[in-house]
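S.K.: Could you work out the structure for the sequence below:
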Amino acid sequence: MKFSLVATLLVVLAVTHGSEARSLVKREVQAEVDKITQLLKEMSASITTATQDMVEKMKALEMTNTAQTYMEDSRAKIQPLVEKVQAEAAKLQEQVKPFISNIEEHIRPLTDDFSAQVQPLADNFQAQVKPLTGMMEKFLQQVMEQSKALLPPQ
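M.R.: This next block holds a predicted model:
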């Protein structure tokens, strides 16, 4: 009977210890599961953020490429027009050259005659103004000297 009692006691202790051990293991497992869950949540948030950043960069790159393509297409469409306008401008210049030469031929005598008439007037004006400028320079020099004389010595 002592043996049965000891055996029963051992069985009860083993079951109790096993229950406590299982409870301890459950607590540890739950803590580990919580840590792994938190780690997975953080990884998921990090991946989501990285993916969003990548999508935004791809959109920006796509927009840049679209703009560049648009500019190249526009340049390709406009280039023939520019060349056509340049060709027309060159033709117009060639057509206008004789007209401009003709106008220059008609105006040259008038401008030469005008210069011939204005030159003596300009020379006369300069001859009359030159003495006045000399007098003004002397007058201003005297005023400066008199102003300096009125200032107290430093």
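
S.K.: Tell me which residue lies nearest the centroid of this protein.
M.R.: residue 64 (14.4 Å; C-alpha atoms, centre = their mean).

S.K.: Any stretches of the protein with poor pLDDT?
M.R.: Across the chain, the ranges flagged by pLDDT under 70 are 1-27, 29, 154.

S.K.: What ranges does it have for its helices?
M.R.: Per DSSP state H, the chain carries helices over the ranges 2-150.

S.K.: picking that back up, can you give me the separation between the residue nearest to the centre of the chain and residue 78?
M.R.: Applying C-beta to C-beta, to the nearest Å, the value for residue 64 to residue 78 is 21 Å. Using the backbone N, CA and C atoms, a C-beta is placed for each residue, glycine as well.

S.K.: do residue 119 as well
M.R.: 52 Å.

S.K.: One more: residue 37?
M.R.: 61 Å.

S.K.: again, but for residue 68
M.R.: 16 Å.

S.K.: And residue 144, by the same measure?
M.R.: Taken as C-beta to C-beta, the span from residue 144 to residue 78 is 65 Å.

S.K.: Could you do residue 128 as well?
M.R.: In terms of C-beta to C-beta, residue 128 sits 61 Å off from residue 78.

S.K.: ditto for residue 104
M.R.: 36 Å.

S.K.: cool, and residue 139?
M.R.: Distance from residue 139 to residue 78, by C-beta to C-beta: 66 Å.

S.K.: and what of residue 87?
M.R.: Distance from residue 87 to residue 78, by C-beta to C-beta: 15 Å.

S.K.: and if you look at residue 49?
M.R.: For residue 49, the distance to residue 78 - C-beta to C-beta - is 43 Å.

S.K.: what's the answer for residue 111, then?
M.R.: Using C-beta to C-beta, residue 111 is found at 42 Å from residue 78.

S.K.: ditto for residue 132
M.R.: Residue 132 is 61 Å from residue 78, by C-beta to C-beta.

S.K.: All good on my end, thank you.
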